[in-house]
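Participant: Just to be clear, the model below is a prediction. Sequence and coordinates:
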There are 2 protein chains.
Amino acid sequence: MTGEVISLPDLDASLVKITNSATPKTPLPPSKLVFGKTFTDHMLTVDWNSNTGWAEPKIETYGPLSLDPSSVVFHYAFCLFEGMKAYRCEDGTIRLFRPDMNMHRMNRTAARIALPTFDGEQLTELIKKLVLLDSRWIPGEPGYSLYIRPTLIGTQSALGVHPSSDAKLFVICSPVGPYYATGFKPVSLQATTKYVRASRGGTGSYKLGANYSPGVMPQLEAAKQGYAQNLWLHGPEHYLTEVGTMNLFVVIENEKGQTELITPPLEDLILPGVTRDSVLTICREHAAGQVQVEGLPSSDFVVSEKHMTMPQLVEYQKQGKLKEVFGSGTAAIVSAVNNIGYEGTDIPVPVGPSGLGNIAQAVLDRIQAIQTGKIDHPWSVIAGKATN
Amino acid sequence: MTGEVISLPDLDASLVKITNSATPKTPLPPSKLVFGKTFTDHMLTVDWNSNTGWAEPKIETYGPLSLDPSSVVFHYAFCLFEGMKAYRCEDGTIRLFRPDMNMHRMNRTAARIALPTFDGEQLTELIKKLVLLDSRWIPGEPGYSLYIRPTLIGTQSALGVHPSSDAKLFVICSPVGPYYATGFKPVSLQATTKYVRASRGGTGSYKLGANYSPGVMPQLEAAKQGYAQNLWLHGPEHYLTEVGTMNLFVVIENEKGQTELITPPLEDLILPGVTRDSVLTICREHAAGQVQVEGLPSSDFVVSEKHMTMPQLVEYQKQGKLKEVFGSGTAAIVSAVNNIGYEGTDIPVPVGPSGLGNIAQAVLDRIQAIQTGKIDHPWSVIAGKATN
């Protein structure tokens, strides 16, 4: 079986067939954009079959998918996705941010539900072609970008629960504005003890569709009680794990008087976020003196991947040693937390006057400078010159 | 919000618009049927929108769904389903088995991911119309039936993770043969310690698509080691929970010398199976002397919903007191287990000469007699006379 799979055609960007849309749309003015509701003129689709491998990629007019009602995606959640962004830069280039990280994670997620893997560099090449073709949709205003959504679904028409013999990879693109259009707005969290997001031996570390719909009802319950998002805990110890659909960072003054940036270790509960990795890398390189990042502490700065429980967080807060809590993710990059409701008590969390703590602000500035090419950095991958 | 939802139109079977297929297909001979691969001429679809409620139901030619690629079902696993069966009976009627149980569970599952609920009796009425329209597809041979797949998906075109403003309910039907075409074939299980199916605070007790695709890779790993299915465990104690996509039953001789039928309690880890409930009810009524079921022990018979660990099961086996292990579900009704691989050791499980233990055989016979109308019972619901 394995030998057979290896000999099948892999994804091949050189075979792409591009058909320009005969009915191009008029992009909305940037100020009217709502996250993920407007899509560009074109989309990429590639079909896969277990006997014939990856077919010829197609870039065509954005439009509906036609699928048999017995397709396994509708019944057994054979679906997974990635989120990434393209930026229109001042030098006229369109740039992607760390696409290799998304490709690696997408393949790892696909394997977890027995959907086909593929050559990630080939998909990155195809995404470059797609965003360049639709580059007129990428706003140039600060904070704006093109959100890119690679998606993989199982499409076999059969009701048995087994690996899907057919799959469809597609990529759609949506121009987006700054997540917080009117300045940073810190959010309050409900530390959720009734529901779990992930568990050991489960799928929490994969970007599967299956991890998302179950979070909606807990979010509505948190909202009813006045909280914006869930702070997902784990185990009777109430270990901190994630916040909403973002990774979690906590900044404390530790026992040695150092500023310590803490995020839970990946293990199998935590999504390996691209922004999470970027925050950790930027802060570690700064702490090690390899790179000087403006706004990060000039000394006594420690970066840790380690467990923290809610009772520990409460204790730091009581001692005045809780400095910041923020989420990280592709959509908002960072999102500050100003309050955590836990077992009937609201725990206030400091936020700076800008609505963002010092560390969050510093990593945000650094990441945005890299994404938009203001700082030359290998994480920023040039797709090409904007054609329009 | 709640008040608003209540005033929206609920599902109404009397509004159904039936369009007969202009291109009816020729049913396969029963012997050629493969589970869930052949579908009848028609399908039911009903659309829902958060502002307008449930639309007019439509029964039309079976055919593809056309959905925007940004539909939330493709990204966040907004999907759930039911499995139920219709039988062609000797008195010329078509009968459903306990449809109220499926309707109740489908609504409970829908609410868990913020998809719309509906009047279950109305959906049952619509399903009756659909199976009668396609009754020529229901084989009359013993062990054959029409598998019915009600499905509900979120169809909003938007990439935010929030309740879907649109949904589509559809029902498709597939004629199926006996699950074990050549007599009962007991299966071997791998007691799975690397992966979990469900966890406390998770979604294991809901019939969500999200519970199914994550089980495929563990099943392939079990198969590589020569086991047919996973025996899903929970916690460091290795509590028995489910087997593959079925509920689990264990029969032992207990400390009092009684025959004890044990299944794990529902709590939030176990799917509330219709067949599970039927097995429990039949055995409890027999044990209480309310109904005499042929093949069940005439005395000293106890039925328990309680926890059992793998070490406990191993101990019963060593003492010669493990009598049967079987799964229960709509597709196979019961499925016998003859071996469990656990931490490197194979634990043999007795099976009768027919390939099925005494208790499993007795409940199977009873359930089939009710399903096909041979025993008159309120669980068997007449859809109407077969029209062709």
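Facilitator: Perfect, I can see it now.
Participant: Just the mean pLDDT for stretch A:320-332, thanks.
Facilitator: In this model, stretch A:320-332 carries a mean pLDDT of 96.
Participant: Next, the buried residues of it.
Facilitator: A:322-332 (16 or more other Cβ atoms under 10 Å in any protein chain shown). Quick note: C-beta positions are derived from backbone N, CA and C, even for glycine.
Participant: Take the residues you listed and lay them out in CSV including distance to chain B and secondary structure.
Facilitator: Below are these laid out as CSV (distance: Cβ to the nearest Cβ, whole Å; DSSP: H, G, I helix; E, B strand; the rest coil):
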residue, distance to chain B, secondary structure
A:L322, 26, strand
A:K323, 29, strand
A:E324, 24, strand
A:V325, 21, strand
A:F326, 19, strand
A:G327, 13, strand
A:S328, 16, strand
A:G329, 11, strand
A:T330, 11, coil
A:A331, 9, coil
A:A332, 12, coil
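Participant: doesn't A:F249 make contact with A:E260?
Facilitator: No: in this structure, A:E260 is not within contact of A:F249 by Cβ atoms under 8 Å, at 10.7 Å.
Participant: Those two - which one has more neighbours?
Facilitator: Shown here are A:E260 and A:F249; by other Cβ atoms under 10 Å in any protein chain shown, A:F249 has more neighbours (27 against 21).
Participant: beta partners for the more buried one?
Facilitator: Beta bridges link A:F249 to A:F326 when assigned by DSSP bridges.
Participant: Would you confirm that it contacts A:V325?
Facilitator: Yes: contact status for A:F249 versus A:V325: in contact at 7.1 Å, counting by Cβ under 8 Å.
Participant: so which pair among the buried residues of stretch A:320-332 is furthest apart in space?
Facilitator: A:L322 and A:T330 (26.2 Å; Cβ to Cβ).
Participant: Now do the contacts for the spatially closest residue to A:L33 that is not a sequence neighbour.
Facilitator: Among residues not flanking A:L33 along the chain, A:G177 sits closest, at 4.7 Å (Cβ to Cβ, 6 or more residues apart in numbering or on different chains). By Cβ atoms under 8 Å, 6 or more residues apart in numbering or on different chains, the contact set of A:G177 is A:30-31, A:33, A:35, A:139, A:141, A:143-144.
Participant: go again using 10 Å as the cut-off
Facilitator: A:30-35, A:139, A:141, A:143-145 (Cβ atoms under 10 Å, 6 or more residues apart in numbering or on different chains).
Participant: Where do the domain boundaries of chain A fall?
Facilitator: A:13-178, A:187-371 (automatic domain parsing).
Participant: residue in the stretch 51-200 of chain A nearest to chain B?
Facilitator: Closest approach of the stretch 51-200 of chain A to chain B (Cβ to the nearest Cβ) occurs at A:L159, with a separation of 2.8 Å.
Participant: ok so, going back, would you tell me which of the domains of chain A gets closest to B:R276?
Facilitator: domain A:13-178 (17.6 Å).
Participant: in chain A, which residue is closest to the centre?
Facilitator: A centroid search over chain A (Cα atoms, centre = their mean) returns A:T330, at 4.2 Å, as the residue closest to the centre.
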